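Engineer: Task: produce atomic coordinates for the following.
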Amino acid sequence: MFTVALPLLRKLEGGLQRLMFRRRHGVRDALVKLTKELGSLLEVTALGRTLTEGLVTRVPVLSAGLYLYEPVADRFTRHAHAESDAADARSTSEVLDTALALWLRMTGRTLIVEETPFEGGAYARMRPAVLQLERERVALVLPLFMEGEVAAALLVGEKLSGEIFDGDEIELLETLAGETGIALKNGGLYEDLQSRMDELRRAQETLVQSAKLAAIGELAASVAHEINNPLTVILGNSGLLLHQLPSDSPAHRKVEAIEAEAMRAGKIVRDLLNFARRREPRRESVALHELLERAVELLSPKLAAGHVEVERVFDLSLPMLAADRDQLTQVFLNLITNAADAMASGGRLVLQTGIHHGDDGRRMVNASVSDTGHGMPPEHLARIFEPFYTTKGEGHGTGLGLSVSLGIVQAHGGAIDVESKPGHGTTVRVKLPVH
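Structural biologist: Here you go, the predicted structure:
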């Protein structure tokens, strides 16, 4: 009986050895391949996703998480995470345990959860962290180095097969962690380079726009002065003729048309001069709501004739602004005029104010002008601040209103942004700093 059983046992042992060999080499091959893939990634988010998903699907393990160190907050925050469908203990840790993070940074060693080497006071401090790792079925915690400092931590869950990681596999995972650290550094450098290139591109665009505006401004001032002189003569003589001609005569109506067109040309000249001059604001204490009401009052005949209903949503707690009253009134006149023109068949004009903190921490007041007009497609929206660009029909706009308004608001240290979709109206927001 033993003679018969011995060959069967040997076959079984050989089969198990071959199975274990294939499994070990399968894990190693997966880790080597994953290490090579990480070297080609430059985007940090893609790097974290590829690493964690690769460990879960290829080794395979129950879970994997990448935690990046944040120096300002002095903590490791989860950047990427992946879990197997077979995982029965979901990870909820967005931040690495403080004691565990400190141990990693002090020792720079891999923590094998099943072989925790803690004693005495260290055991008491680390016990909660280790228990949490055991609950989440984490097998290994590996430090990732950048310039000699622990910059991240990789948490690797237990194998789906139930086997433990052997020494060779842990060495490969440590190599993978080292390559990940290098890739993270390269990714950071790449993102920094992209940010600097974006800043350079914006600076170049600003310089080009400034040069363009300066050239247009000089031309506009020259043309405006040349046109203004004959316009003055035309308007003066038209006024005299209107007083001399009978009011019911055909000639009187023709002279009225001449005067109206000359006045429209005069407005274009004034817009050109305003665009060319760009004087510095004469600051005084002003109330934003007063400026909005002033603009609405000046445009009330136009709004009434166009069947435009005005709705006010004002934050009455707004502080006073140090601003140029006339310049900001001009801005709101331009914005409200554009809104009214966009609602040819009437509609609702909403004026809303509020206060918020900008990206730089400054307090900003904002005033938005919203209409229920036809809106603008993206290709028009991208060009609305360009001088002389207009979406209005011929004879209904110079294309300088928004360009002049932007210059005024920027001179006050503020900004203008616009939201618009075809068929959904337009909202223009003016943001001004509180000094």
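Engineer: what about this protein, any weak spots by pLDDT?
Structural biologist: Scanning the chain for pLDDT under 70 picks out 1-26, 89, 117-120, 206, 209-217, 220-221, 268, 271-279, 388-400.
Engineer: Pick out the residue closest to the middle of it.
Structural biologist: residue 359 (10.8 Å; C-alpha atoms, centre = their mean).
Engineer: Where does that one sit, in terms of helix or strand?
Structural biologist: Using DSSP states H and E, residue 359 sits within no helix or strand.
Engineer: how close does it sit to residue 241?
Structural biologist: 59 Å (C-beta to C-beta, to the nearest Å). C-betas here are computed from N, CA, C, even on glycine.
Engineer: which strands and helices sit next to the longest helix along the chain?
Structural biologist: In terms of residue count, the longest helix belonging to the chain (DSSP state H) is helix 167-244. Helix 167-244 sits against helix 2-38, helix 44-58, strand 138-146, strand 149-157, helix 250-277, with contacts defined as 3 or more C-beta pairs under 8 Å, 6 or more residues apart in numbering; DSSP states H and E.
Engineer: and the nearest residue to residue 434 once chain neighbours are set aside, what is it in contact with?
Structural biologist: Closest residue to residue 434 apart from its sequence neighbours, by C-beta to C-beta, 6 or more residues apart in numbering: residue 363 at 4.3 Å. Contact analysis of residue 363 by C-beta atoms under 8 Å, 6 or more residues apart in numbering lists 319, 355-357, 433-434.
Engineer: among the residues you listed, which ones are buried?
Structural biologist: residue 433 (16 or more other C-beta atoms under 10 Å).
Engineer: can you put the contacts of residue 363 in a markdown table and add distance to residue 98?
Structural biologist: Shown next, in a markdown table, are the contacts of residue 363 (distance: C-beta to C-beta, whole Å):
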| residue | distance to residue 98 |
| --- | --- |
| 319 | 42 |
| 355 | 38 |
| 356 | 34 |
| 357 | 30 |
| 433 | 39 |
| 434 | 39 |
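Engineer: What about the contacts of residue 363, which are in strands?
Structural biologist: 355-357, 433 (DSSP state E).
Engineer: picking up where we left off before, of the contacts of residue 363, closest to residue 224?
Structural biologist: Nearest to residue 224, judged by C-beta to C-beta, of the contacts of residue 363 is residue 433 at 31.7 Å.
Engineer: Please tell me how far that closest one sits from residue 363.
Structural biologist: As defined by C-beta to C-beta, residue 433 lies at a distance of 7 Å from residue 363.
Engineer: Same check on residue 105?
Structural biologist: Distance from residue 105 to residue 363, by C-beta to C-beta: 39 Å.
Engineer: Could you list the domains of this structure?
Structural biologist: The chain breaks down into these domains under automatic domain parsing: 22-190, 281-435.
Engineer: Using CSV, lay out these together with distance to residue 263.
Structural biologist: Converted to CSV, those look like this (distance: least, C-beta to C-beta, whole Å):
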stretch, distance to residue 263
domain 22-190, 59
domain 281-435, 13
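Engineer: quick one: which of those domains is nearest residue 251?
Structural biologist: domain 281-435 (23.7 Å).
Engineer: ends of that closest one, how far apart?
Structural biologist: For domain 281-435, the separation between the terminal residues is 14 Å (C-alpha to C-alpha, to the nearest Å).
Engineer: now it, how far from the centre of its chain.
Structural biologist: Here the centre of domain 281-435 is set off from its chain's centre by 22 Å, with C-alpha atoms, centre = their mean, to the nearest Å.
Engineer: Give the bridge partners for the residue nearest to residue 434, please.
Structural biologist: Beta-bridge pairing for residue 363 (DSSP bridges): residue 357.
Engineer: now swap in residue 142 and tell me
Structural biologist: Residues in beta-bridge contact with residue 142 (DSSP bridges): residue 154.
Engineer: Surely residue 323 touches residue 280?
Structural biologist: No - counting by C-beta atoms under 8 Å, residue 323 sits too far from residue 280 to count as a contact (11.9 Å).
Engineer: Of those two, give the one with the bigger neighbour count.
Structural biologist: The neighbour count for residue 323 versus residue 280, taken as other C-beta atoms under 10 Å, is higher for residue 323 (28 against 8).
Engineer: Quick one: closest of the domains of the chain to residue 228.
Structural biologist: Of all the domains of the chain, domain 281-435 comes closest under C-beta to C-beta, at 14.8 Å.
Engineer: contact partners of stretch 129-142?
Structural biologist: Under C-beta under 8 Å, 6+ apart, the answer for stretch 129-142 is 61-63, 87-91, 93, 97, 99-100, 104, 110-114, 116, 118, 153-159, 164-165, 170, 173-174, 177.
Engineer: Show me which of the residues you listed are buried.
Structural biologist: Applying 16+ other C-beta under 10 Å to the contacts of stretch 129-142, the neighbour count classes 61-63, 87, 91, 93, 97, 99-100, 104, 110-111, 113, 116, 118, 153-159, 165, 170, 173-174, 177 as buried.
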